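In: what shape does this take:
(one chain, ligands or ions: 1)
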Amino acid sequence: MSKDSKVVRVGLLGIGTVGGGTFNVLTRNAEEITRRTGRQIKVTHVADRNVQAAQAIVNGKAQVSDDAFALVENPDIDVVVELIGGYTIAKELVLKAIANKKHVVTANKALIALHGNEIFAAAKANNVIVAYEAAVAGGIPIIKALREGLGANKIEWIAGIINGTTNFILTEMREKGLAFADVLGEAQRLGYAEADPTFDVEGIDAAHKLTIMSAIAFGMPMKFEQAYTEGITKLEQKDIKYAEELGYRVKLLGISKRNQKGVELRVHPTLIPEKRLVANVNGAMNAVVVKGDAVGPTLYYGAGAGAEPTASAVVADLMDVARLMDATTEQRVPYLAFQPEHVQDLPILPIDDIESAYYLRMRVSDKPGVLADVTKILGDGNISIDAMMQKEPDENETEAEIVILTHITVEKNMNAAIAAIEALAAIIGKVTRIRMEELSK
Ligand code: HSE
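Out: Numbering: from 1, shown residues only. Here you go, the predicted structure:
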């Protein structure tokens, strides 16, 4: 059979939401896809625990079984698409598929963020492709952009809204004045949340995606364990409101920056100026800003989840496999964008050493000299104030709230200043601190 007429035979591991979307997109756009790749891409086998549901989707067009391990051993399959999620069985299946010289396409961010280093080493040894566009930001081709489109650049930083669930929750909190807990249930009902919502709301899902983007932006191994992760569960409605009064929006951002000391890798709620395009990414949508030294800041926006948006990325990966399966490893885009021997073990900076501007909110006894004490502590710590706002106490109350925005400082300086502020007799309770990014240069 000539190269042009060879059918690429795909085995799907899992035909749930994304698997179903992948099957439908491949079927619906088959003609257009073949025009682009010069080869037909066909799902020939499906393994899913729910055989009946799988059969209803494929409608006799592929063989269905519940034996995922048999699928990765099957000599009649060229590419395995892993869509079952999790990192235990998925890892075993992917490594078995690779050992059997099958190319792999996966949407599994946790698998790549935690075990990508081992998986890519195995793939290289077996001369197979492992493609993972769908693992980050669903339908947005951010892996393609980082690995190829921006290949001329030295990437300086990435900042992304890469979890739709939390972006939906933050949008609802801001627009409707609701508390975090009231919106979480709605996000779950709408099906945005991960099986375990902790992964979304505590920033773990975003950290998986950020880990992958940083690895290919800077040419370093996956370092998920060293990512700093802080979710949105403790965010108060009033901070979202005060931020807005000061011209900012609060977003859960995945931020990665390279400087001379190493790489910052952090996920946390962040104030960003409302005039930035990315500040206006609302609902469950995703967006990633990438700053390259040549191109400047670039913005990628789209659906970060959902059956067909994610399938769009899976199918694009399958098309890359179709084009490159007969090429050598050297002719393909490297797994981590950089040639394996040039991947560098860059240090990840501990959170104490990152540099950021800050939003601080504190409750104070409304009496003379309190503000002077607070500003003196900041001044002594060499922390410059950018803006300040005092919320007057309600009638019959003697406590006021002060909100301060600072210029950039090192996190450990801010920690020391916050501890000193909290020790003042006039400060009531804890200081609320939210990091702030300008995202302008
Ligand atoms: N739970 C994820 C999100 C789904 O909310 O963005 C896509 O990874």
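In: which residues of the stretch 201-350 of the chain lie near the ligand?
Out: With the criterion set to Cβ under 6 Å from any ligand atom, the stretch 201-350 of the chain comes near the ligand through 205, 304, 305. The C-beta positions use only the backbone N, C-alpha and C, and glycine is treated the same way.
In: buried subset of those?
Out: Among these, the ones that count as buried by 16 or more other Cβ atoms under 10 Å are 205, 304, 305.
In: neighbours of the closest residue to residue 434 other than its chain neighbours, how many?
Out: Nearest residue to residue 434 in three dimensions, chain neighbours excluded: residue 359, at 4.4 Å (Cβ to Cβ, 6 or more residues apart in numbering). For residue 359, the count of nearby residues is 24 (other Cβ atoms under 10 Å).
In: next one: residue 325
Out: Residue 325: 18 neighbours (other Cβ under 10 Å).
In: show me the contacts for the residue lying closest to it once chain neighbours are set aside.
Out: Of all residues not flanking residue 325 in the chain, residue 103 sits nearest, at 6.0 Å (Cβ to Cβ, 6+ apart). By Cβ atoms under 8 Å, 6 or more residues apart in numbering, residue 103 lies in contact with 78, 79, 80, 128, 129, 130, 131, 321, 325.
In: what bridges to residue 103?
Out: residue 79 (DSSP bridges).
In: how close does it get to residue 217?
Out: 24 Å (Cβ to Cβ, to the nearest Å).
In: identify the residues contacting the helix or strand harbouring residue 53?
Out: Using DSSP states H and E, residue 53 falls within helix 51-58. Residues from elsewhere that reach helix 51-58 (Cβ under 8 Å, 6+ apart): 15, 19, 20, 23, 24, 43, 46, 48, 64, 65, 66.
In: can you do 10 Å?
Out: Outside helix 51-58, the residues that touch it by Cβ atoms under 10 Å, 6 or more residues apart in numbering are 12, 14-16, 19-20, 23-24, 27, 43-48, 50, 62-67.
In: and stretch 150-164, end to end?
Out: With Cα to Cα, to the nearest Å as the measure, the ends of stretch 150-164 fall 25 Å from one another.
In: output the below-cut-off pLDDT ranges for the protein.
Out: Filtered on pLDDT under 70, the chain yields the residue ranges 1-5, 193-195.
In: buried ones among the contacts of residue 103?
Out: 78, 79, 80, 128, 129, 130, 131, 321, 325.
In: state the distance from the last one to the ligand.
Out: Okay, so that is residue 325. 27 Å (Cβ to the nearest ligand atom, to the nearest Å).
In: in the stretch 201-350 of the chain, what residue lies closest to the ligand?
Out: Scanning the stretch 201-350 of the chain for proximity to the ligand using Cβ to the nearest ligand atom identifies residue 305 as nearest, at 3.7 Å.
In: do I have it right that that residue meets residue 136?
Out: No - with contact defined as Cβ atoms under 10 Å, residue 305 does not reach residue 136; the gap is 11.3 Å.
In: anything in contact with each of these two?
Out: 107, 286.
In: what's near enough to touch residue 437?
Out: With Cβ under 10 Å, 6+ apart, residue 437 has these contacts: 157, 159, 248, 251, 253, 255, 257, 270-273, 276, 278, 289, 356-357, 408.
In: restrict the residues you listed to the buried ones and give me that as a PyMOL selection.
Out: Of the contacts of residue 437, the buried ones can be selected in PyMOL as follows, counting by 16+ other Cβ under 10 Å:
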select buried, resi 157+159+248+251+253+255+257+270+271+272+273+276+278+289+356+357
